[in-house]
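1. After the sequence you'll find the predicted model.
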Amino acid sequence: MGNSVEPIRENALPARRQIELVELIRSRGQMTVNELATHFSVSGDTIRRDLDLLAGQGLLKRTHGGAVAMDNLVHQDSTFTQRMGTRVPEKRRIARAASRLIGDGETLLVNGGSTTKLFAVELADRRNLTVVTNNLGIPATLPVDCLSKVYVLGGEYKSDAQVTVGPVGFVSAGSISVDSAVIGVGGITVKEGLTTTVLEECSMILAMICAARRTIVLADASKFGRSSFAHIVPLTRIQILVTDEAPPSDLAHALNDARVEVIVAPEE
């Protein structure tokens with residue numbers, strides 16, 4: 001967990017304390033000055049100076065009485081290359097755990113994203129899979145031995161995300177149906193459910209969910225409480241969430257009420 005490290009005391013190097021402070025706020029979403037002062041066993045003035053400095057560096061957002069993680073703000077999309085380079089061990093654990101949910105002979109819809117690309121790599125032990133995707137990095141990533149067929153969805157090419165955005169289907173066959181939709185998202189919250197940063201991608205992901213008998217969402221803990229621009233579906237429309245940490249209590253309760261199975265990928 002991000003807050004499992006022994007708190008750094010006031011007489012420690014300020015830079016070390018500030019690094020842990022940023023990670024702690026990212027983990028919890030937001031915290032007050034009093035909560036941070038108690039956690040680090042330092043004065044409120046020390047925490048305020050830390051928060052002002054870190055806010056000036058763009059690492060968090062200062063609020064009245066505390067701070068909020070930048071990830072919790074409605075944000076613009078990052079590039080695919082940037083996403084591939086962040087939280088890689090956590091995403092790899094999620095990908096491996098999700099791959100265990102897939103049986104031989106399944107048909108899959110897989111959307112764009114860094115975690116879904118890692119998921120494709122983990123399918124090496126499966127056989128006779130049919131994969132439909134708008135993620136242009138997946139066809140070359142999929143182990144050849146696992147495949148029956150792979151289809152790439154057409155539409156507008158988004159070079160920054162390495163995906164296509166368009167209808168979920170084919171001119172020759174019309175609509176399709178699959179066993180599982182494996183979906184990466186920009187954020188997951190109690191109120192908005194699943195969200196994404198790209199408006200056009202929102203309707204495409206919704207169509208993938210509608211075409212699948214079950215939906216498996218891959219989301220690392222940085223996506224919890226994170227609201228992106230476009231709302232996709234409420235939590236009640238998904239069946240499984242695979243993540244690297246237990247969700248915070250409010251989101252955990254909402255997922256339980258929505259009958260979503262939460263799988264926390266084990267440490268490896």
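-> Yes, it's here. Numbers count the residues shown, from 1 in each chain.
2. correct me, but I25 touches K61?
-> No - I25 lies out of contact with K61 (Cβ atoms under 8 Å); the separation is 9.4 Å. All C-beta spots, glycine's among them, are computed from the backbone N, C-alpha and C.
3. So these two - more neighbours on which side?
-> I25 (27 against 18; other Cβ atoms under 10 Å).
4. packing partners for the strand or helix carrying that one?
-> Element membership of I25, judged by DSSP states H and E, is helix 14-28. If you count contacts as 3 or more Cβ pairs under 8 Å, 6 or more residues apart in numbering; DSSP states H and E, helix 14-28 packs onto helix 33-40, helix 44-56, strand 66-69.
5. Same list as before, those that is, but in JSON lines and with mean pLDDT, distance to L108 and mean neighbour count included.
-> Formatted as JSON lines, these follow (pLDDT from 0 to 100; distance: least, Cβ to Cβ, whole Å; neighbours: other Cβ atoms under 10 Å):
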{"stretch": "helix 33-40", "mean pLDDT": "91", "distance to L108": "43", "mean neighbour count": "17"}
{"stretch": "helix 44-56", "mean pLDDT": "89", "distance to L108": "41", "mean neighbour count": "16"}
{"stretch": "strand 66-69", "mean pLDDT": "82", "distance to L108": "33", "mean neighbour count": "21"}
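6. okay, these in a markdown table with distance to E106 next?
-> Listed next are the helices and strands packed on helix 14-28 as a markdown table, based on distance: least, Cβ to Cβ, whole Å:
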| stretch | distance to E106 |
| --- | --- |
| helix 33-40 | 45 |
| helix 44-56 | 46 |
| strand 66-69 | 36 |
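7. rewinding a little: export the helix holding I25 as CSV, just CAs?
-> The C-alpha atoms that make up helix 14-28 are tabulated as CSV, following Å, rounded to 0.1, in the frame of the first residue of the first chain:
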residue,chain,number,x,y,z
PRO,A,14,12.2,17.6,4.1
ALA,A,15,12.5,16.2,0.5
ARG,A,16,12.0,12.6,1.8
ARG,A,17,8.9,13.7,3.8
GLN,A,18,7.5,15.6,0.8
ILE,A,19,7.9,12.6,-1.5
GLU,A,20,5.9,10.4,0.9
LEU,A,21,3.4,13.2,1.4
VAL,A,22,2.6,13.3,-2.4
GLU,A,23,2.3,9.5,-2.5
LEU,A,24,0.0,9.5,0.5
ILE,A,25,-2.3,12.1,-1.0
ARG,A,26,-2.4,10.3,-4.3
SER,A,27,-3.3,7.1,-2.5
ARG,A,28,-6.2,8.7,-0.4
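8. how about low-confidence regions in the protein?
-> Counting by pLDDT under 70, the low-confidence segments of the chain come to 1-13, 70-86, 160, 171-174.
9. what ranges do the helices span in this structure?
-> Read by DSSP state H, the chain holds these helices, from start to end of the chain: 14-28, 33-40, 44-56, 80-84, 88-99, 114-121, 138-141, 199-211, 249-257.
10. Out of these, the one nearest L153 is which?
-> Closest approach to L153 among the helices of the chain (Cβ to Cβ): helix 199-211, 7.9 Å.
11. I'd like to know which elements the closest one is packed against.
-> Of the remaining helices and strands, those touching helix 199-211 by 3+ Cβ pairs under 8 Å, 6+ apart are strand 163-165, strand 178-184, strand 193-196, strand 230-233.
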